[in-house]
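> Mind looking at a prediction? Sequence and model below.
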Amino acid sequence: MDTYTVDIVYQAISALFQGTNPKEQEKANKWLQEFQKSIYSWTIADELLHQKRDLHANYFAAQTIRNKIQNSFSELPPHTHESLRDSLITHIAQIDEQTDNVIVTQLSLAVADLALLMATWQEPISDLIKALVPHPAAIWPLLEILKVLPEEIDSRYLRLGANRREQVHKQLDASAECVLEFLCMCSQRKDLDQQRIWIATLRTYSAWLVIQAFPLSHICDNALSQLAFRLLNQPAETSGKLHDNATECVCALLSCMGSRSGQLEVDPQVTRIFEAVCQLETAYHLSVAHEDTDKTINYCRIFTTLCDAFSVDIFESQYAMKGLDLVLLCVGHFDYEVAEVTFYLWYKLSEDLFQRYDEKLTARFRPHIERLISALFRHAQMESDHDGLIEENNNFYDFRRKVSDLLKDVAFIVGSGACFKQMFIILQDPTTTWESTEAALFVMQNVAKNILPEENDVIPKVVEAILNMTDQTHIAVRYTSIMLIGELCDWIENHSDLLEAVLNFLLYALQQKNGLAPAAAIALTSICSACRQKMICHISGLVQIAHSLDSFQINNDVAIGLLKGISLILTKLPREQLQPALREIVGFQLQPLVQLVESGHCDPAKNERSDPVYWIDRACAIIRHTNPDVPDNVEHPTVAILNDAWPLISRVLEKYQSESRIMERTCRLIRYGIRMVRKQAVMLVEPLIKQIVVLYAVQHHSCFLYVGSILVDEFAKSNECITGLLEMLQAFIEPTFALLQLENGLRNNPDTVDDFFRLASRYLDCCPLQLLQSSLITPIFQCALIACSLDHREANSSVMKFFINLLTWGRSNNHRHSECRPLVIELATQHGGALVMNLIQASVFQLHSYMLADVAEVLNELKHVVTQAQMQPFLAHALDSLPKKNSGGYVTATQQQLDEFSNTVLRADTTKAVAQALKTFTRLYR
């Protein structure tokens with residue numbers, strides 16, 4: 001419908017929210033989405049808000065106005081900005097107690113976003129307070145606007161740019177005293193609902209604290225800071241919601257301390273805040289006594305934030321360690337959810353200690369980490385009446401996984417050996433319960449990898465006790481013991497006299513049907529990996545295990561891990577033993593695949609034995625990890641196996657060609673097979689190319705492009721293969737370009753972009769001259785120019801790598817293929833302007849900041865190919881195409897900033913300098 005009116009829009013809203021026909025509702029929804037994109041939605045949404053027909057219409061109108069300001073502000077001519085502002089303020093002023101909160105939020109966001117975007121609105125905060133304070137009911141939306149305004153400054157949708165953000169921060173800083181006075185006044189009003197006004201003012205105050213708008217002298221003594229601490233000091237009298245907001249407020253207040261870290265014992269105001277938080281210890285104990293876990297978690301958050309804010313002081317001052325004691329107090333709480341809040345602090349602390357590498361400093365924190373580990377040991381304990389193993393993916397399982405990560409991070413502070421001994425003492429106590437035993441073994445498991453293999457005091461006793469466990473031992477204790485054995489694989493490699501007993505122990509567990517088999521398989525994989533040479537004599541038993549995999553109670557991922565471990569042993573076998581053993585193990589996986597291919601069944605169930613991927617992944621693991629050291633002039637023992645398997649692989653490609661998942665896994669198998677035997681796979685090149693070219697033209701699976709890049713990598717340096725490989729590229733280009741030229745083709749097919757330009761880069765690496773001399777290079781370059789703007793990490797990285805690899809051959813110091821240089825210079829001269837233009841546009845408007853390092857490398861390489869006289873106009877033209885002002889009317893980048901960026905890029909000697917300049921420059925538009 002081309003004509004939009006208020007009545008028609010209202011009918012569509014009614015059909016969407018009040019209709020009973022799903023098809024009509026879907027139709028109305030699509031129509032309203034199109035309406036929201038139209039220029040008419042500005043005035044009609046405004047009229048709907050004035051008319052206030054019903055809740056749904058009001059909500060839709062408020063949401064539309066907010067979305068339009070956020071995403072389509074450029075549609076409005078500058079002279080209409082003031083009338084939009086006045087209209088929104090009128091709507092806000094008309095809000096009453098009956099107005100839905102969602103509508104209040106949307107309108108508040110709309111006003112806040114408008115204030116940020118509209119450069120001519122010089123004093124928005126002062127104007128809003130003057131306009132809305134006379135309206136009693138408008139106090140609530142005014143507080144909401146003041147809350148969301150600082151929060152929206154860094155909105156990625158508004159793209160304010162660094163200059164405007166700086167201007168806004170100055171506006172907010174100038175208004176901060178007025179806002180603080182207003183908030184304090186609101187918090188002390190007696191004519192309003194006390195709890196509601198306190199929550200609203202604390203939320204707004206917190207938002208302003210986060211952006212550090214208030215000077216420290218204003219923070220310490222104002223009524224709101226005092227209110228937050230007063231509420232927190234009275235947990236029994238403070239409601240949960242109010243307590244949450246007071247907590248947010250104090251955490252925000254502490255975030256302001258980051259810039260003053262290191263001044264705890266120097267600045268009296270900082271000391272007062274630190275002490276005020278420490279005095280919350282009594283309130284914490286009260287919350288524990290009342291079993292109010294939510295409030296306890298709040299105090300824990302505050303103490304953790306305190307230590308984070310004063311992280312420098314903790315390393316320099318004994319006084320600041322009081323904060324760490326408070327955090328440990330929380331870690332000792334009976335509920336593991338409280339302890340979990342502190343984990344990020346311990347990660348940060350361990351990282352800082354590791355970086356400082358100061359034994360004296362580390363020793364200061366050792367008692368704290370010992371207390372932490374003792375608490376984690378208690379928290380990791382299962383319930384005494386728990387019968388089986390911990391179920392995966394429940395909350396306690398996830399918590400133990402996080403404990404595992406944390407233990408590995410902090411163990412170096414106390415020493416893994418000391419930690420192991422601490423747990424061993426617990427195991428030796430005859431009164432230790434099974435759950436304490438299991439938790440001690442769990443802690444041991446997570447530090448075992450870092451214990452010296454020469455240790456002969458504690459570990460032999462632990463291993464002996466594990467090997468002598470009976471079936472009557474609790475299943476969870478046995479499971480964790482088996483996992484510990486796996487983690488001790490390096491120690492076992494150094495104590496090979498125990499290897500036979502360990503293998504028998506693991507084989508027995510592997511055959512159990514009670515949940516121990518996965519742990520045994522994982523442990524056996526680790527033993528195989530660590531004890532490769534010493535496991536050779538057990539190869540026949542391992543082959544038997546590979547044959548019996550499906551009789552064990554393990555999933556396919558664990559089975560694949562076990563096959564990987566067995567394959568590492570195969571690698572160490574003498575040549576005459578390797579080939580038959582490898583053929584046998586691979587055959588176990590390929591035989592079921594033969595049966596699937598020969599059956600008429602074409603719709604495999606995922607992750608089942610009827611799924612080809614089930615067997616392909618197993619074969620892939622074997623091929624990938626069997627990597628014997630074979631000289632180039634000796635036939636690789638797996639060449640014959642690979643050649644014999646090719647007809648089956650070809651049939652899999654043909655039968656399941658429409659299944660992208662199966663094709664990806666099959667291509668991975670081909671990849672590892674070729675990588676293993678390298679140039680000895682030459683017999684497969686021609687039939688493989690013929691098949692993947694035909695399949696790619698029909699199915700467009702990007703994994704075929706990846707296989708092509710492997711072939712180029714291995715065979716492009718052989719002159720007899722180059723012609724065929726270039727023909728393969730020619731065959732790939734047409735379907736690739738056809739796919740990418742569809743609407744949203746690049747965005748919808750990032751894997752194709754990634755693999756195609758990875759393939760093109762391989763040609764540039766292996767046979768650059770032949771590609772540069774061919775007619776293919778220009779269309780590939782032009783496609784790459786368009787793909788510059790794709791904001792997909794891997795795909796964009798491959799495009800940039802293509803440009804870098806190409807331009808490298810144009811450097812004056814390129815002596816390896818000097819014939820390439822004039823060809824690259826010609827390309828760069830012809831397309832350099834378009835390349836710089838697209839790179840700058842993409843960097844400013846499409847790409848994430850973490851992707852700019854690759855762009856910088858392309859620009860730097862281009863500088864080495866073209867002259868300064870060429871590069872300067874390339875840059876000038878690209879920068880001139882950027883908007884000088886935003887839709888809100890403010891300057892995005894001054895001429896001085898544009899010149900500074902251009903000069904920095906032109907003068908830069910390193911990619912790092914260009915990358916830093918690019919990141920700084922793009923912030924002007926974000």
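That came through fine. Numbering: from 1, shown residues only.
> C-alpha only now, for contacts and for neighbours.
Will do.
> For residue 622, grab the count of nearby residues.
For residue 622, the count of nearby residues is 27 (other C-alpha atoms under 10 Å).
> my read: it touches residue 564, true?
Yes: in this structure, residue 622 is within contact of residue 564 by C-alpha atoms under 8 Å, at 5.9 Å.
> Show me where the stretch 601-750 of the chain dips below the pLDDT cut-off.
602 (pLDDT under 70).
> Let's see that with 90 instead.
Along the stretch 601-750 of the chain, the parts satisfying pLDDT under 90 run over 601-610, 627, 629-638, 678-682, 717-722.
> which residue sits closest to the residue nearest the centre of the chain, ignoring its sequence neighbours?
Against the mean C-alpha coordinate of the chain, by C-alpha atoms, centre = their mean, the closest residue is residue 793 at 11.8 Å. For residue 793, ignoring the flanking residues on the chain, the nearest one in space by C-alpha to C-alpha, 6 or more residues apart in numbering is residue 851 at 6.9 Å.
> Likewise for residue 898?
residue 879 (7.0 Å).
> what about the one you found, how many neighbours?
Residue 879 has 21 nearby residues by other C-alpha under 10 Å.
> Equivalent analysis for residue 842, please.
Neighbours around residue 842, by other C-alpha under 10 Å: 21.
> quick one: it and residue 786 touch, right?
No: in terms of C-alpha under 8 Å, residue 842 does not count as a neighbour of residue 786; the distance is 9.8 Å.
> what sits up against stretch 661-681?
With contacts defined as C-alpha atoms under 8 Å, 6 or more residues apart in numbering, stretch 661-681 is touched by 612-613, 616-617, 619-620, 623-624, 627, 635-636, 638-639, 642-643, 649, 652-653, 656-657, 701, 703-704, 707, 710, 714-715.
> Could you list the buried residues of it?
For stretch 661-681, the neighbour count (16 or more other C-alpha atoms under 10 Å) marks 662-678, 680-681 as buried.
> Looking at the residues you listed, which are in helices?
Among those, the residues falling in helices (DSSP state H) are 662-677.
> Now flag whichever of the residues you listed is closest to residue 217.
When those are compared for distance to residue 217 (C-alpha to C-alpha), residue 664 wins out at 62.2 Å.
> Residue 58: which element?
helix 55-71 (DSSP states H and E).
> Now that helix: average pLDDT?
Helix 55-71 carries an average pLDDT of 94.
> continuing past that helix, what's the next helix or strand?
From helix 55-71, the next helix or strand downstream (DSSP H and E) is helix 81-93.
> Remind me what that next one packs against, helices and strands.
helix 41-51, helix 101-117, helix 124-132 (3 or more C-alpha pairs under 8 Å, 6 or more residues apart in numbering; DSSP states H and E).
> what packs against the first one?
Applying 3+ C-alpha pairs under 8 Å, 6+ apart, one finds that helix 41-51 makes contact with helix 6-18, helix 55-71, helix 81-93.
> Would you confirm that the residue nearest to residue 793 contacts residue 794?
No: counting by C-alpha under 8 Å, residue 851 stays clear of residue 794, with 9.6 Å between them.
> So what's the residue count around residue 384?
10.
> need the contact list for it.
Per C-alpha under 8 Å, 6+ apart, neighbours of residue 384: 434, 435.
> part of a strand, is it?
No: checked against DSSP: H, G, I helix; E, B strand; the rest coil, residue 384 lies outside a strand; its state is coil.
> Check which helix or strand residue 295 maps to.
helix 293-309.
> Now do the next helix-or-strand element following that helix: which elements does it pack against?
Next along the chain after helix 293-309, taking DSSP H and E as the criterion, comes helix 311-316. Contacts defined by 3+ C-alpha pairs under 8 Å, 6+ apart place helix 311-316 against no helix or strand at all.
> got the angle between the following helix or strand past helix 311-316 and helix 293-309?
Remark: after helix 311-316, the chain's next helix or strand is helix 321-331, criterion DSSP H and E. On the basis of axes from the mean of the first three to the mean of the last three C-alpha atoms, to 10 degrees, helix 321-331 is oriented at 150 degrees to helix 293-309.
> now the helices: where do they sit in the stretch 301-450 of the chain?
311-316, 321-331, 336-340, 343-356, 359-379, 395-414, 416-428, 434-447 (DSSP state H, counting those that start in this stretch).
> Deepest in the core, which of those is it.
Per-stretch averages of neighbours, counted by mean count of other C-alpha atoms under 10 Å, single out helix 434-447 among the helices of the stretch 301-450 of the chain, with a mean of 24.
> Which strands and helices lie in contact with that helix?
Counting by 3+ C-alpha pairs under 8 Å, 6+ apart, helix 434-447 packs on helix 359-379, helix 395-414, helix 416-428, helix 475-487.
> Compare those and report which one is nearest to residue 302.
Taking these one by one with C-alpha to C-alpha, helix 359-379 is closest: 18.2 Å.
> contacting residues around that closest one?
315, 324-325, 328, 331-332, 334-336, 353, 403, 407, 410, 413-414, 436, 439-440, 443.
> who's in contact with residue 730?
By C-alpha under 8 Å, 6+ apart, the contact set of residue 730 is residue 776.
> and after the lowest-mean-pLDDT helix or strand in the chain, which helix or strand comes next?
Lowest mean confidence among the helices and strands of the chain (mean pLDDT, DSSP states H and E): helix 216-221, at a mean of 86. Sequence order places helix 223-232 as the next helix or strand after helix 216-221, per DSSP H and E.
> circling back: tabulate the helices of the stretch 301-450 of the chain (JSON lines), appending distance to residue 295 and mean pLDDT.
Listed next are those as JSON lines, based on distance: least, C-alpha to C-alpha, whole Å; pLDDT from 0 to 100:
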{"stretch": "helix 311-316", "distance to residue 295": "24", "mean pLDDT": "89"}
{"stretch": "helix 321-331", "distance to residue 295": "12", "mean pLDDT": "96"}
{"stretch": "helix 336-340", "distance to residue 295": "10", "mean pLDDT": "97"}
{"stretch": "helix 343-356", "distance to residue 295": "18", "mean pLDDT": "95"}
{"stretch": "helix 359-379", "distance to residue 295": "20", "mean pLDDT": "96"}
{"stretch": "helix 395-414", "distance to residue 295": "20", "mean pLDDT": "96"}
{"stretch": "helix 416-428", "distance to residue 295": "32", "mean pLDDT": "94"}
{"stretch": "helix 434-447", "distance to residue 295": "28", "mean pLDDT": "97"}
